[in-house]
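1. Pasting the sequence and the predicted model now:
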Amino acid sequence: MLKLFSNAQDYGERIAIVYNNKSYTYKDLVDASNHLAQSLLSEENDLEEERIGFLIPPSFDYVCLQWGIWKAGGVGVPLSISATELELNHFLKNSKISVLITNGENIDRLKNLTDALNIKIKELNGLEAKQIKTLPNISPKRKAMILYTSGTTNKPKGVVSTHANIEAQICALIKAWEWTREDFIPLFLPLHHIHGIINSLSCPLWIGAKIEILGAFEVENVIHSILKNKYSVFTAVPTIYFSLLEKIEKMNEKDLGNLKMSFKEMRLMMSGSAALASEIHKKWTKFTDQILLERYGMTEVGMAISNPFIGERRPGSVGLPLPQVKICLMDKGKVIEVEDTPGEIMIKGPQVFSEYWEEPEITKKSFMNGWFKSGDVAILEKGYYKILGRDSVDIIKSGAYKISALEIEDTLLKHPSIKECAVVGIEDKKWGEIVAVSLTLVDQEVISIKDLQTWSSAFLSNYKIPRKMNIVSELPKNSMGKINKLEVKKSFLI
Ligand code: MLC
Ligand code: AMP
């Protein structure tokens, strides 16, 4: 049996999850996930890596289903609750999902889509085990999960992680961040991304700790829960710290005092998934006496580099490689041996994903001599890694979501009034980057931001674009005749 599950059996009556004011023990989780595994198996003995899509909001049910799929030998494909029909169409079709499991309220909405793709759609509450049978023995080498991530191709790619990858990702963090079964963590991050799935959910469950699932981040709700509970670990993205600070700055003295104390008493507060501005880092320390631990990760590798739990947590740096992770910086095929010289972060280790789903060529190009090419540029500075940014202008990180500029451009070019466009990310204090669009229009046409937002939101979720827009008569070109995005970016920054 996979260690995540055998551990859980040992934790028995300990509380695993608090959700909607109800507590669920590890035994509840083991029983419910076994039942779901048996129901998914139906007449089979092993799902043999069949892809099972699930569109379930963060909840106790979500975790039972994730575990049920794994226990039955399936590959779980967690999908974003806010994905548009077009995005879902891509995820379902691309990963060749056989069954989509969701809540009652989504069945009608998705039925046409799943029918068109010849995919079964099932309601989670309707899943019943016909017979009690022994669950398959799953080798850690088998595929466990596909997460979709945007990149320099215009459609998101499926990142395949094996059980062994997931175990290695969890174990590195348990060790580095000294997780214990006495920990208690609030979960408010989306559960179709690695940060939420590994750091907020799987680490505590591995060690026998307690999680309170709060649903999507909502500043009032999170503050209310922090005042009510004694959380010991907190992990969030920089935009969330920004939002908390915005709120805190407007609070009355009494609530402020209690909140300060609650934050101060936590044993560990972390930030990652995007760069943490030093201003937020400093303000947070001033407010809570907590020095945020910044770490660096990626869907393809889980967490790779982290400031230490004990030792210097340096603002602006991401620290040192996590246990079992090997890092080097490379420039034009050569390893950089000296400090202060930028190079691409290359990653090796048992955490590193196995492949991009059914994309052998892209997978091959993403590795060099066994090193995964992250696409992020960093330097080593006084022994710590410091991220300088992405090597591609086509990748935007906004609210810690990775966004492909190419995917947005593709969508905008379908608009009948748009002749040419360039999408770039521009710096923003709250969001890290915001999406900016430069357009040239078909003669005599006019377009408003509202028009564009309505148009793009039909295709793309997560990012309500555009935040900023330029309409120009001609976009700057480079010598190859391609749109010069750096020039476009500059035009927004002036
Ligand atoms: C939303 N808004 C934006 C925006 N998103 N504005 C600019 N840019 C964006 N990207 C606007 C909305 O239009 C709305 O405006 C207002 O902000 C509130 O919208 P919301 O959707 O309710 O936002 P909020 O709930 O505050 O969400 C922000 C967030 C969320 C940061 C909580 O984006 C989030 O959960 N991000 C985490 C993503 C994540 O987990 N990434 C990890 C990937 S894994 P109005 O005008 O209508 O009020 C990874 C690896 C690793 O990166 O290292 O971990
Ligand atoms: P994703 O593909 O959504 O998993 O996002 C991974 C990317 O997030 C990385 O390649 C980095 O570009 C970015 N990232 C993650 N953590 C950090 C960090 N601490 N500082 C800067 N960028 C980060």
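-> Now that the structure is in, tell me what you want to look at. Ligands and ions are numbered 1, 2, ... in the order given.
2. who's in contact with Ser417?
-> 441-442, 445-447 (Cβ atoms under 8 Å, 6 or more residues apart in numbering). C-betas here are computed from N, CA, C, even on glycine.
3. Now with 6 Å, please.
-> 441-442, 445, 447 (Cβ atoms under 6 Å, 6 or more residues apart in numbering).
4. same thing with Phe91?
-> Per Cβ under 6 Å, 6+ apart, neighbours of Phe91: 79, 148.
5. Leu173 is in what secondary structure piece?
-> helix 163-176 (DSSP states H and E).
6. Could you look up the next helix or strand downstream of that helix?
-> Sequence-wise, the next helix or strand downstream of helix 163-176 (DSSP H and E) is strand 184-187.
7. and that following strand, what other elements does it pack with?
-> strand 210-213 (3 or more Cβ pairs under 6 Å, 6 or more residues apart in numbering; DSSP states H and E).
8. centre of the chain versus the strand it packs on, how much separation?
-> 18 Å (Cα atoms, centre = their mean, to the nearest Å).
9. Any residue of the following helix or strand past that strand touching ligand 1?
-> Using DSSP H and E, the helix or strand that follows strand 210-213 in sequence is helix 219-228. No - Helix 219-228 stays clear of ligand 1 (Cβ under 6 Å from any ligand atom), getting no nearer than 7.2 Å.
10. List the buried residues for helix 219-228?
-> In terms of neighbour count (16 or more other Cβ atoms under 10 Å), helix 219-228 has its buried residues at 222-223, 225-226.
11. likewise stretch 22-29?
-> So for stretch 22-29, counting by 16+ other Cβ under 10 Å, buried means 24-26, 28-29.
12. Just the ones in strands from those residues, please.
-> Counting by DSSP state E, the buried residues of stretch 22-29 place 24-25 in strands.
13. roughly how far apart are the nearest residue to Glu474 once chain neighbours are set aside and Lys419?
-> Closest residue in space to Glu474, ignoring its immediate chain neighbours: Thr440 at 6.3 Å, by Cβ to Cβ, 6 or more residues apart in numbering. Distance, Thr440 to Lys419, by Cβ to Cβ, to the nearest Å: 5 Å.
14. For ligand 2, what's its nearest residue on the stretch 301-450 of the chain.
-> With Cβ to the nearest ligand atom, the shortest gap between the stretch 301-450 of the chain and ligand 2 falls at Lys402, namely 3.7 Å.
15. Quick one: the strands in the stretch 201-350 of the chain, in order.
-> With DSSP state E, counting those that start in this stretch as the criterion, the stretch 201-350 of the chain has strands at 210-213, 233-236, 268-271, 293-298, 302-306, 320-321, 326-331, 334-335, 343-348.
16. sorry, back to before: for the residue nearest to Glu474, give me its contacts.
-> Per Cβ under 6 Å, 6+ apart, neighbours of Thr440: 419-420, 475.
17. In a strand, it, correct?
-> Yes - using DSSP: H, G, I helix; E, B strand; the rest coil, the assignment for Thr440 is a strand.
18. Neighbouring strands - and their directions - for the one helix or strand in the chain whose mean pLDDT sits lowest?
-> The least trusted helix or strand in the chain, going by mean pLDDT, DSSP states H and E, turns out to be strand 468-471, with a mean of 84. Strand pairing for strand 468-471, determined by DSSP bridges: strand 432-441 (parallel).
19. which is the next helix or strand following the strand it pairs with?
-> helix 449-457.
20. Give me the residues contacting that next one.
-> Contacts of helix 449-457 (Cβ under 6 Å, 6+ apart): 411, 415, 465-466, 469.
21. what do you get if the cut-off is 8 Å, keeping everything else the same?
-> 84, 408, 411-412, 415, 437, 464-466, 469.
22. Okay, and Pro136 sits in which element?
-> Counting by DSSP H and E, Pro136 is part of no helix or strand.
23. Count the neighbours of it for me.
-> 18 (other Cβ atoms under 10 Å).
24. Around ligand 1, which positions in the stretch 51-200 of the chain sit nearby?
-> 189-190, 193-196.
25. In helices, which of those residues fall?
-> Among these, DSSP state H puts Ile194 in helices.
26. Now pLDDT too, for the residues of the stretch 51-200 of the chain next to ligand 1, in CSV please.
-> Shown next, in CSV, are those (pLDDT from 0 to 100):
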residue, pLDDT
Leu189, 98
Pro190, 97
His193, 97
Ile194, 98
His195, 98
Gly196, 98
